[in-house]
Structure formats: structure tokens, C-alpha cells
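Colleague: Show me how the following folds:
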Amino acid sequence: MRPLHRAEDPEGWRAEVESNRSVVTQVDDGATERGKWPTSSSSAPHIMALMLDQLDLRSGMCVLEIGTGTGYNAALLAELTGAENVTTVEVDVSLADHAKGALDSAGYPVTVVTGDGMKGYRHNAPYDRIIATAAVRELPYAWVEQTRPGGLILAPWVATFHPDEPLAKLTVTADGRAEGRFGAPAWFMPMRSHRLQQETIRDTDERWAASGKPEASRYGITVTPEGQRIWLDTPDNPIG
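Modeller: As a prediction, this is how the structure comes out:
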């Protein structure tokens with residue numbers, strides 16, 4: 001990872017932006033004494049496309065994005081559903097301010113909220129779709145409460161049960177539950193409150209290997225007001 005400044009190397013900057021790789025845009029939470037731990041990025045275009053496809057978006061749908069980052073994904077959501085239907089939440093003040101400026105100047109005046117994405121954003125609920133662009137280890141029930149029955153929640157997972165950190169796609173039901181399965185690997189940066197120790201990640205890999213290395217698609221999740229349950233193959237076979 002090397003610093004890259006648009007003013008100093010415009011051609012290199014553009015090549016990085018137009019690549020099919022993720023681009024790190026912040027390290028160490030933007031602290032003054034910056035180190036080398038990535039804490040925010042622009043996702044790889046193919047991952048963005050995969051997630052947008054999974055959401056099955058249509059014009060007029062009300063969407064909540066958790067994790068604004070650069071604002072690029074919010075612009076794509078706005079293009080598909082209408083800027084007036086998109087709300088995006090970013091915990092980092094500097095990132096939120098930068099994204100709002102970029103979105104406004106690009107002609108996508110979505111609602112940018114600076115706050116804790118774990119709480120969602122009740123003011124514009126209910127949503128037809130919620131998408132998280134940062135990984136979680138527990139799905140906030142607030143997201144379920146703020147999604148219409150029949151709506152979808154899409155969120156990447158940290159390595160608590162599978163090393164590929166797969167995407168979870170859940171459908172919300174009228175009785176206040178959300179249930180679905182895991183799918184493609186995603187490898188997103190975690191929500192700030194959901195970061196894992198390296199020891200936990202190693203333990204996950206060992207437990208997964210000891211269980212025969214099941215495909216991520218064999219796992220599912222059920223979320224209720226009482227909590228969440230991750231299961232293997234069927235909901236009556238919980239693993240945690």
C-alpha cells in the first residue's frame with residue numbers, strides 16, 4: 001500500500017480509480033499519526049456489481065446504505081432507484097462530508113447521514129432494501145425493524161464462522177423476523193465496533209477446517225427480536 005495523491009500523480013490516480021481493484025481511501029481511522037491499517041476503501045467494481053445485482057433494485061425503491069465511504073456506491077444506488085430514495089450513513093465525519101460534496105457535485109443529492117450505521121436511520125424508514133458495505137458479526141435488529149415485510153437486507157460477514165467472510169442475504173417477514181443464506185465471498189472491512197482479533201480469525205479457520213470446510217452457501221441465518229442464530233444446512237441445525 002502506497003500513498004497516491006491526485007495532484008502529484010494524476011495519471012496514476014486515474015489508473016487506480018478505474019482499475020477493478022478495491023482502493024484504500026483511509027488508514028487508521030483517519031488519525032493524525034497515520035499508520036498502515038486500512039479503515040475505509042472504495043470497493044472493487046465487480047463486488048459492487050454483484051451486490052447491486054443481489055439487491056434486485058427497481059426505480060422508486062427506498063434504500064438505506066450503511067457505510068458511505070467515497071459515496072460512489074450511493075451514486076450507483078441513486079442512478080438505479082432515484083436520488084430522493086437513497087439514504088446513506090457514515091460514522092466518520094470527514095468521510096461523510098467528503099462523500100456528500102462529491103455526490104452533490106456529481107448530481108446525486110442523496111441523503112447523507114453522519115452517525116452510527118448500526119442504528120440504521122429511522123427517519124426515512126421503512127426501506128425496501130438495506131445494504132451494508134462494511135462487515136458485521138451480528139446483524140442489528142434495527143435494520144430488520146426498518147425494512148418493509150418482503151424487503152431485503154444484504155450484509156457481508158466478518159470471519160466468525162467461515163474464512164471467506166461471505167455475504168448474507170436476508171428477507172424480512174411480516175412477523176418481524178429476517179432469514180436467509182450466505183453466498184459469495186466479500187472480504188469487506190468490518191464495522192468499527194465489529195472488528196476481530198487475529199486470534200479469533202485463526203480460530204474460525206481452524207473450526208471451519210475441523211468441520212470439513214463446508215461451502216459458505218450451506219450456512220444460513222435467522223434474526224429475531226431475541227437475537228440471531230447462524231445455522232448449517234437447515235435452521236434446526238444451529239452452529240451459533
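Colleague: And the most centrally placed residue in the chain, how far from Ala83?
Modeller: Nearest residue to the geometric centre of the chain (Cα atoms, centre = their mean): Thr133, 2.0 Å. Distance, Thr133 to Ala83, by Cβ to Cβ, to the nearest Å: 18 Å. C-beta coordinates here come from the backbone N, C-alpha and C atoms, glycine included.
Colleague: that older thread, let me know whether the residue nearest to the centre of the chain touches Gly69 as I believe.
Modeller: Yes: counting by Cβ atoms under 8 Å, Thr133 touches Gly69, with 6.3 Å between them.
Colleague: Any stretches of the chain with poor pLDDT?
Modeller: For the chain, the stretches with pLDDT under 70 are 1-9, 11-44, 240.
Colleague: Would you map the helices across it?
Modeller: Secondary structure of the chain (DSSP state H): helices located at 10-17, 45-55, 72-81, 93-105, 141-145, 198-210.
Colleague: okay, those in TSV with mean neighbour count and distance to Ala178 next?
Modeller: TSV is the format used below for the helices of the chain (neighbours: other Cβ atoms under 10 Å; distance: least, Cβ to Cβ, whole Å):
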stretch	mean neighbour count	distance to Ala178
helix 10-17	12	35
helix 45-55	16	15
helix 72-81	21	20
helix 93-105	17	27
helix 141-145	19	5
helix 198-210	13	23
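Colleague: Let's have the ones you listed in TSV, adding distance to Val158.
Modeller: As requested, the helices of the chain are arranged in TSV below (distance: least, Cβ to Cβ, whole Å):
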stretch	distance to Val158
helix 10-17	26
helix 45-55	16
helix 72-81	19
helix 93-105	20
helix 141-145	16
helix 198-210	8
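Colleague: In the protein, where's the longest strand?
Modeller: Ranked by residue count, the top strand of the chain under DSSP state E comes out as strand 147-156.
Colleague: mind checking how far Leu57 is from Tyr121?
Modeller: Counting by Cβ to Cβ - Leu57 and Tyr121 are separated by 18 Å.
Colleague: Strands of the chain, residue ranges please.
Modeller: Counting by DSSP E, the strands of the chain are 23-27, 38-42, 63-66, 86-90, 111-114, 127-132, 147-156, 166-172, 178-185, 219-224, 227-232.
Colleague: elements contacting the fifth one?
Modeller: If I follow you right, that is strand 111-114. Packing contacts for strand 111-114, counted by 3 or more Cβ pairs under 8 Å, 6 or more residues apart in numbering; DSSP states H and E, involve strand 86-90, helix 93-105.
Colleague: hey, C-alpha coordinates of that strand in PDB?
Modeller: The C-alpha trace of strand 111-114 is given here as PDB (Å, rounded to 0.1, in the frame of the first residue of the first chain):
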ATOM      1  CA  THR A 111     -29.400  11.900   2.000                       C
ATOM      2  CA  VAL A 112     -26.000  11.600   3.700                       C
ATOM      3  CA  VAL A 113     -26.200  11.000   7.500                       C
ATOM      4  CA  THR A 114     -23.300  11.100   9.800                       C
END
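Colleague: That one pairs with which strands?
Modeller: Strand 111-114 has the following strand partners under DSSP bridges: strand 86-90 (parallel).
Colleague: how far off helix 93-105 does the partner strand point, in degrees?
Modeller: With axes from the mean of the first three to the mean of the last three Cα atoms, to 10 degrees defining the directions, strand 86-90 sits at 150 degrees from helix 93-105.
Colleague: Going by neighbour count, list what's buried in strand 86-90.
Modeller: For strand 86-90, burial by neighbour count (16 or more other Cβ atoms under 10 Å) applies to Val86, Thr87, Thr88, Val89, Glu90.
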